[in-house]
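# Quick one: sequence and predicted model below, then my questions.
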Amino acid sequence: QVQLQESGPGLVKPSETLSLTCSVSGDSINDYFWTWIRQPAGQGLEWIGRTWTRGNTDYNPSLKSRVTMSIDTSKNQISLRLSSVTAADTAIYYCAKLFLHSSRFDPWGQGTLVTVSS
Amino acid sequence: QSALTQPASVSGSPGQSITISCTGTSSDVGGYHYVSWYQQHPGKAPKVMIYDVSHRPSGVSDRFSGSKSGNTASLTISGLQAEDEADYYCSSFTSSDSFVFGTGTKVTVL
């Protein structure tokens, strides 16, 4: 059964770059899209982007200028980088598997809280 | 891209049926068969309940069903149970090759 685990610094300074990793176990990383989604405290979900091993990467238009996602197949990991962060980027960040030709985000990792503060 | 519109809250008594709406545009909900619904309990990660408008993953109760008409998708929970009390979010693929989530609905079981 596939499991996803997010990891990375819990505290990032304003204007710096947020970097997170999603480790995938129990499934092939090659056959699906992998996505990042975030949720500020007490607020709704925001889709950040998706990537897969065949190179297609799509981002939320509102974040596109600051986001980079990539896959390391040797480590079965997906990474997220978000540059020039502000307090508005404080949120729980989730990674999730996205089935091809589908809207199914399943499963999700437990999420990791990232706080942007000096 | 704007978030899809959901009612802030919906409530019902145990055993009743409730429906949550998710309204978008022809560039998202109305244009694609890629609408999904997620249940989120406090402090937990979201869980898919319905995908591709009306498909239910194995393990999800058949009390949950989904449909779509025009630019509005709907999630119906029949035979409401205490464990259904949670936040629910819809999601849709968009013409920008991206996904957008709904504003979220808090379901209360009276």
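Received the coordinates, thanks.
# excluding its backbone neighbours, what's nearest A:Ala87?
A:Val116 (5.2 Å; Cβ to Cβ, 6 or more residues apart in numbering or on different chains). For every residue, glycine as well, the C-beta is placed using N, CA and C.
# who's in contact with that neighbour?
A:11-14, A:18, A:85-90 (Cβ atoms under 8 Å, 6 or more residues apart in numbering or on different chains).
# how does it look with 10 Å?
Taking Cβ atoms under 10 Å, 6 or more residues apart in numbering or on different chains as the contact definition, A:Val116 lies against A:11-16, A:18, A:82, A:85-91.
# Buried among these? Need that as a selection in ChimeraX.
Filtering these down to the buried ones (16 or more other Cβ atoms under 10 Å in any protein chain shown) takes a single ChimeraX command:
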select /A:12,18,82,85,89,90,91
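# Give me the sheet partners of the host helix or strand of A:Trp36 and which way each runs.
Per DSSP states H and E: A:Trp36 is located in strand A:33-39. Note on strand A:33-39: by DSSP bridges, its sheet partners are strand A:46-51 (antiparallel), strand A:91-98 (antiparallel).
# Now do the buried residues in stretch B:46-62.
Neighbour-count burial for stretch B:46-62 flags B:46-53, B:56, B:60 (criterion: 16+ other Cβ under 10 Å).
# can you check stretch B:94-110 too?
B:94, B:98-105, B:107, B:109.
# same thing with stretch A:100-108?
So for stretch A:100-108, counting by 16+ other Cβ under 10 Å, buried means A:102-108.
# so where do the helices sit in chain B?
Counting by DSSP state H, chain B has no helices to list.
# and the gap between B:Gly24 and A:Arg38?
Plainly put, B:Gly24 is 20 Å away from A:Arg38 if you go by Cβ to Cβ, to the nearest Å.
# And B:Val109, by the same measure?
B:Val109 is 28 Å from A:Arg38, where distance means Cβ to Cβ.
# I'd like to know how far the nearest residue to B:Asp87 once chain neighbours are set aside sits from B:Gly31.
Leaving aside its sequence neighbours, B:Asp87 sits nearest to B:Gln40 (Cβ to Cβ, 6+ apart; 4.6 Å). Going from B:Gln40 to B:Gly31 by Cβ to Cβ gives 26 Å.
# Could you check which of the two has the larger neighbour count?
Counting neighbours by other Cβ atoms under 10 Å in any protein chain shown for B:Gln40 and for B:Gly31 shows that B:Gln40 has the greater number, 18 against 15.
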